[in-house]
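Trainee: Take this sequence and fold it.
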Amino acid sequence: MSDKLPISRREFAMTTLAAGFALSTQPVAADTITTDTKGLTAGEVKIPVKDGDIPAYRAAPDKGGPFPVVLVVQEIFGVHEHIKDVCRRLAKLGYLAIAPELYARQGDVSKLTDIQEIFSKVVSKVPDSQVMNDLDAAVAWAKKTGNGDTAKLGITGFCWGGRITWLYAAHNKDLKAGVAWYGRLSGAGKSTELQPKYPIDLAGDLKAPVLGLYGEKDTGIPVKDVEAMREALKKADKLGEIVLYPEAPHAFYADYRPSYRKEAAEDGWKRLQAWFKKNGVA
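Mentor: The predicted structure follows:
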């Protein structure tokens, strides 16, 4: 018998979601998009996981159901106001959108102001295996509530969550489709014991088609990586697609930040909707 005790609820670093926008993203842009909750059921919920509960934000239409389910995976900044708003945007389209706080055990990044500190103190300590299990738990929660049609399951994620979107598409055989926004594709020598593989390593293992949305001006994800992923998908004969926006930097969908590019963001959002409909998440 192992003498290692399971993590208790009291040891979770986060038991509730952060309020507002993460400190490291301040000041927030004046034209930040804010989606209201009219016609929605929206707010924080608890997702049971094997070692306790993690907080999550969920939004869905307040009438009807069950609804197609979309997992929304956070940026490096955690489930802050922007990710909550993305959930509401999806709910307005008729989805049950769920964003679990995937750093809940490791720390609250919303109060940190330095990106390197966010990565070193929290993000680098989050195991991919834990993330996959927590996303599975969110799907189970959606099914148990009776309000989520998990036979129509999609996932979308941004930045850190873009990479996770690719990984989850290789993990869950029941997933219908994914949309990855500017997620890192190659480890470039940065793979670790906790984060051992990157999307390009798993191109042949995808169980659902993924739409990748990338910016040509992204200094963190070079175009050569994007083209290499395209080739890997083609070689593996997988139903994936990658769109590269010529003038877009990293985080071009993040309307609360200077990196926002309206044209690319709106086009990507339209493509997300079409991709989900085409592949059975609607």
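Trainee: Any regions of the stretch 51-200 of the chain where pLDDT drops low?
Mentor: Low-confidence segments of the stretch 51-200 of the chain (pLDDT under 70): 188-189.
Trainee: swap the cut-off to 80 and go again
Mentor: Scanning the stretch 51-200 of the chain for pLDDT under 80 picks out 146, 187-190.
Trainee: residue ranges for the strands of it, please.
Mentor: 52-61, 67-73, 96-100, 148-158, 177-181 (DSSP state E, counting those that start in this stretch).
Trainee: Quick check: which of these is buried the most?
Mentor: strand 177-181 (a mean of 30; mean count of other C-beta atoms under 10 Å). Every C-beta, even on glycine, is put in place using the N, C-alpha and C of the backbone.
Trainee: CSV for the strands of the stretch 51-200 of the chain, including distance to residue 262?
Mentor: As requested, these are exported to CSV (distance: least, C-beta to C-beta, whole Å):
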stretch, distance to residue 262
strand 52-61, 23
strand 67-73, 21
strand 96-100, 22
strand 148-158, 16
strand 177-181, 15
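Trainee: what's the closest of these to residue 88?
Mentor: strand 52-61 (4.7 Å; C-beta to C-beta).
Trainee: Can you show me the CA trace of the closest one as PDB?
Mentor: The C-alpha atoms that make up strand 52-61 are tabulated as PDB, following Å, rounded to 0.1, in the frame of the first residue of the first chain:
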ATOM      1  CA  GLY A  52     -11.400  17.000  -4.700                       C
ATOM      2  CA  ASP A  53     -13.100  19.700  -6.600                       C
ATOM      3  CA  ILE A  54     -11.900  22.300  -9.000                       C
ATOM      4  CA  PRO A  55     -13.700  25.600  -9.800                       C
ATOM      5  CA  ALA A  56     -15.000  26.200 -13.300                       C
ATOM      6  CA  TYR A  57     -17.000  28.700 -15.200                       C
ATOM      7  CA  ARG A  58     -19.900  27.500 -17.200                       C
ATOM      8  CA  ALA A  59     -22.400  29.200 -19.500                       C
ATOM      9  CA  ALA A  60     -25.400  27.800 -21.400                       C
ATOM     10  CA  PRO A  61     -28.800  29.000 -22.700                       C
END
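Trainee: Walk me through which strands it pairs with, and which way each runs.
Mentor: Applying DSSP bridges to the sheet, strand 52-61 is found paired with strand 40-49 (antiparallel), strand 96-100 (antiparallel).
Trainee: Tell me the buried residues in the longest one?
Mentor: By neighbour count, with 16 or more other C-beta atoms under 10 Å as the criterion, the buried positions of strand 40-49 are 40, 42, 45, 47, 49.
Trainee: now swap in stretch 238-248 and tell me
Mentor: Applying 16+ other C-beta under 10 Å to stretch 238-248 flags 238, 240, 242, 245, 248 as buried.
Trainee: Just the endpoints, please. Distance across it?
Mentor: Stretch 238-248 has its terminal residues 26 Å apart, counting by C-alpha to C-alpha, to the nearest Å.
Trainee: right, and residue 184 touches residue 218 too?
Mentor: No. If you go by C-beta atoms under 8 Å, residue 184 and residue 218 don't touch, sitting 9.7 Å apart.
Trainee: The most centrally placed residue in the chain and residue 99: what is the separation?
Mentor: Centre of the chain computed as the mean C-alpha position; nearest residue by C-alpha atoms, centre = their mean is residue 73, 1.7 Å away. Residue 73 sits 7 Å away from residue 99, going by C-beta to C-beta, to the nearest Å.
Trainee: got it, and residue 81?
Mentor: Note on residue 81: its distance to residue 99, by C-beta to C-beta, is 11 Å.
Trainee: Residue 20 too?
Mentor: From residue 20 over to residue 99 the distance is 15 Å, taken as C-beta to C-beta.
Trainee: Looking at the buried residues of stretch 238-248, which is nearest residue 66?
Mentor: Nearest to residue 66 among the buried residues of stretch 238-248: residue 240, at 27.9 Å, using C-beta to C-beta.
Trainee: Quick check: chain neighbours aside, which residue is closest to the closest one?
Mentor: In space, and not counting its chain neighbours, residue 240 is closest to residue 233: 4.1 Å by C-beta to C-beta, 6 or more residues apart in numbering.
Trainee: Which helix or strand contains that neighbour?
Mentor: Here residue 233, judged by DSSP states H and E, is contained in helix 223-235.
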